[in-house]
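1. Compute the structure for the input listed below.
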Amino acid sequence: LRPPYPLKADIIAQTRAKHIRDCQFFDFCSSDIVKALALCLRPLVFSSGDIVCHAGDMGQEMFFLSKGSVEVVSPDRTTCFATLVEGSFFGETSLFFKQPRATSVVAVNFCDIFELTKADLFAELKRRDFDLMQMLDLFVVVHEDNKRRNTAIQNNLKQSKMHGSKLNKLIDANDESLALKRKVLDIFMPGSRFRFLWDITCTLGMGYFSIFALYRLAFQPSDQEGPSSVLLDFIIDTLFFVDVYLRSTQFAFPKHGVVSTDKESILAHYMEDGMLVDFISCLSVLDVASYKCALVGKLQLRLLCLLRTLRAPAFFNRICDHLNLRDIRISLASNLLMRIIFFYIIANHWVACIWFIIHRYFEHDHQFTWATTDCPWGGEAGGDTCLAKWDESLGEHNVCNMASMRDCYLRALHFSITTLSTVGYGDISPISELETIWENVVVLMGACFLAGIIGAFGSLLSQNDTLGLNSFKSKMQKLKEYMKYRNIPEDIQNN
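-> Next up is the predicted model:
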């Protein structure tokens, strides 16, 4: 329901008129003019780092800061003249003089700003025969004060850099040397090509460990782990060790529109952003270094690299940030769908591996497991036609009775997909109590994934209906129906 216009006008006037009243340029205005100008205010929203107005632009509006804070900076953004907070206003020069803006204004954090245009201001004042000279005289005084202040700041900054000056001695030249020491290389700055390639490499390394760490435990015997795979694991583990070092000491990060480069801030930021998980996962390199040891000794540390999968959202966020800086936009709905599909694929892979781990390590002396009773070509459980064959003399099964472990993986993956997708053909089923418990966990996971995938697809389709080609076609259809309802000539409708 929409409120009546008089009620809507009163609400807007009550909530926005304070910005007009707090501005000293409008002290001479009556309450009627204040209310009229409040109705002319247009709300704007800016995120951290957004430029509200550019130096050199011929502006036609002034701004009132309702929420957040902004910085008034020089055209080259090397000097900050002032930091404005809630209740401040800026850009008033454009209302009275036809001259380019002298400074830029950058949002420090999320800001709610109201805009008053020159056309709206003059129209309302002219309609009420207001004398602009009083407002103009006051503006000239404020404008000259601001100009003197900005000039003084620039002169003081120049003098502080001159060796032997009073300001230089007061500030202490050592501060500048310390600042230089805290600087980081350009390749470590946010958005650099090196950071982009580094984040892509780390993401691929995370995907590699997510797939092969559990697969080798489940389907690859310890005596078949060759030096090439161990060397690759060691290289990627070393890469992540270097990643922890760079993110804790060198990788600058943006905060409130300003890039933080000092090591203390970088370390504190990384500690809040998953440093502990990254460091623990790097301990898996100790397992690689002792790959000649027994298999049981290796497993305890090798699986630590799976913790990096928990950091997958952070990796995806970094990649999206890099793509946004290169004008490649990925919608939130598409981003959400890709993440869910990634985790769904990894979950199916992990479930398949865990199925076989249960069969291989926890039930090696059980005659009846899900693998020994899985007989695709028929026959008795534990026989030659089953996934695993029971050996009565040894009192254990032979793990995999297929031509290769890859065939056993495909059957385990088939089992996990049918369970996680809630299809459940019934050709493979849990036998023991442990398998039944794991089956229940997998079914619950499948229900969660199903709901998430449906929601992600629904969000994507809704976005396409409101923003994409479907939205355009829907609007055109409504327009044709309206023209037909109004009996618009057919030649106009067809054009």
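2. So for this structure, the centremost residue is which one?
-> Residue closest to the average C-alpha location in the chain (Cα atoms, centre = their mean): Asn317, at 3.8 Å.
3. Neighbours of Pro4, how many?
-> Counted by other Cβ atoms under 10 Å, the residues lying close to Pro4 total 8. The C-beta positions use only the backbone N, C-alpha and C, and glycine is treated the same way.
4. confidence score at it?
-> pLDDT for Pro4: 72.
5. going forward can the numbers begin at 8, since that is how I track them
-> Sounds good: first residue 8 from here, last item Pro11.
6. now it: how far from Gln21?
-> As for Pro11, its distance to Gln21 is 15 Å (criterion: Cβ to Cβ, to the nearest Å).
7. Would you state the strands of the protein in chain order?
-> In the chain, the strands defined using DSSP state E lie at 49-53, 58-60, 68-74, 77-80, 87-91, 96-97, 111-114, 118-124, 260-262, 265-267, 397-398, 403-404.
8. now the first one: mean pLDDT?
-> Strand 49-53 shows an average pLDDT of 89 in the prediction.
9. How about the last one?
-> In this model, strand 403-404 has a mean pLDDT of 90.
10. List the contacts of that strand.
-> Residues from elsewhere that reach strand 403-404 (Cβ atoms under 8 Å, 6 or more residues apart in numbering): 366, 371-374, 376, 378-379, 389, 395-398.
11. Same check on stretch 432-446?
-> Residues outside stretch 432-446 that contact it (Cβ under 8 Å, 6+ apart): 361-362, 365, 369-370, 373, 375-377, 380-381, 383, 418, 421-422, 425-426.
12. Show the end-to-end separation of it, please.
-> 14 Å (Cα to Cα, to the nearest Å).
13. For the stretch 8-157 of the chain, which residues score under the pLDDT cut-off?
-> Applying pLDDT under 70 to the stretch 8-157 of the chain flags the ranges 8-10, 12, 138-139, 141-142, 145, 150, 157.
14. swap the cut-off to 80 and go again
-> The stretch 8-157 of the chain contains residues with pLDDT under 80 at 8-22, 31-36, 55-56, 83-87, 100-106, 135-157.
15. same thing with the stretch 208-357 of the chain?
-> Ranges of the stretch 208-357 of the chain meeting pLDDT under 80: 228-237, 261-266, 292-309, 332, 334, 336, 338-339.
16. which stretches of it form helices?
-> Using DSSP state H, counting those that start in this stretch, the helices found in the stretch 208-357 of the chain span residues 234-256, 270-279, 282-289, 292-296, 302-309, 319-332, 339-364.
17. Can you name every helix or strand that the third one contacts?
-> For helix 282-289, the packing partners by 3 or more Cβ pairs under 8 Å, 6 or more residues apart in numbering; DSSP states H and E come out as helix 234-256.
18. Please spell out which residues along stretch 484-494 are buried.
-> Across stretch 484-494, burial judged by 16 or more other Cβ atoms under 10 Å covers no residue at all.
19. is it true that Asn405 touches Ala395?
-> Yes. At 6.2 Å, Asn405 counts as touching Ala395 under the criterion of Cβ atoms under 8 Å.
20. between these two, which one's more packed in?
-> The residue with more neighbours, out of Asn405 and Ala395, is Ala395; 26 against 13, by other Cβ under 10 Å.
21. For Glu403, see how far away the more buried one is.
-> Counting by Cβ to Cβ, the gap from Ala395 to Glu403 is 10 Å.
22. Please apply the same query to Leu283.
-> Counting by Cβ to Cβ, the separation of Leu283 from Glu403 is 41 Å.
23. And for His26?
-> Per Cβ to Cβ, His26 is found 80 Å from Glu403.
24. ok, these two, which is more surrounded?
-> Neighbours of His26 and Glu403, each counted by other Cβ under 10 Å, are more numerous for His26; the result is 23 against 15.
25. who's in contact with the nearest residue to that one once chain neighbours are set aside?
-> Among residues not flanking His26 along the chain, Phe71 sits closest, at 4.0 Å (Cβ to Cβ, 6 or more residues apart in numbering). When contacts are counted by Cβ under 8 Å, 6+ apart, Phe71 touches His26, Ile27, Cys30, Leu48, Ser95, Phe96, Ile120, Phe121, Glu122, Leu123.
26. do that again at 10 Å, thanks
-> 23, 25-27, 29-30, 45, 48, 93-98, 119-123 (Cβ atoms under 10 Å, 6 or more residues apart in numbering).
27. Quick one: buried ones out of these?
-> Burial by neighbour count, 16+ other Cβ under 10 Å: within the contacts of Phe71 this picks out 23, 26-27, 30, 45, 48, 95-98, 120-123.
28. Out of those residues, which is nearest to Ser288?
-> Taking Cβ to Cβ as the measure, Ser288 sits nearest to Ile120 out of the buried ones among the contacts of Phe71, at 43.3 Å.
29. correct me, but that closest one touches Arg49?
-> Yes. Assessed by Cβ atoms under 10 Å, Ile120 is found in contact with Arg49 at 9.4 Å.
30. okay, stretch 95-103 in CSV with CA atoms only?
-> The C-alpha coordinates for stretch 95-103 follow below in CSV (Å, rounded to 0.1, in the frame of the first residue of the first chain):
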residue,chain,number,x,y,z
SER,A,95,28.1,17.3,7.2
PHE,A,96,27.5,18.7,3.8
PHE,A,97,29.8,19.3,0.8
GLY,A,98,29.8,20.3,-2.9
GLU,A,99,28.0,23.6,-2.2
THR,A,100,30.4,25.5,-4.6
SER,A,101,28.6,24.1,-7.6
LEU,A,102,25.3,25.7,-6.5
PHE,A,103,26.6,29.3,-6.7
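31. And it, how far out from the chain middle?
-> 35 Å (Cα atoms, centre = their mean, to the nearest Å).
32. do stretch 425-436 as well
-> With Cα atoms, centre = their mean, you get 35 Å for stretch 425-436.
33. ok, now stretch 148-157?
-> Distance of stretch 148-157 from the chain centroid (Cα atoms, centre = their mean) equals 41 Å.
34. Stretch 127-135 too?
-> 45 Å.
35. Give me the distance between Gly198 and Phe88.
-> Taking Cβ to Cβ as the measure, Gly198 falls 26 Å from Phe88.
36. Looking at those two now, which is surrounded by more residues?
-> Using other Cβ under 10 Å, the more surrounded residue of Gly198 and Phe88 is Phe88, with 17 against 13.
37. So that one is in contact with Pro82, correct?
-> No. Contact criterion Cβ under 10 Å: Phe88 and Pro82 do not qualify, at 11.3 Å.
38. Skip the chain neighbours and tell me the closest residue to Thr392.
-> Spatial nearest neighbour of Thr392, excluding adjacent residues (Cβ to Cβ, 6+ apart): Gly386 at 3.8 Å.
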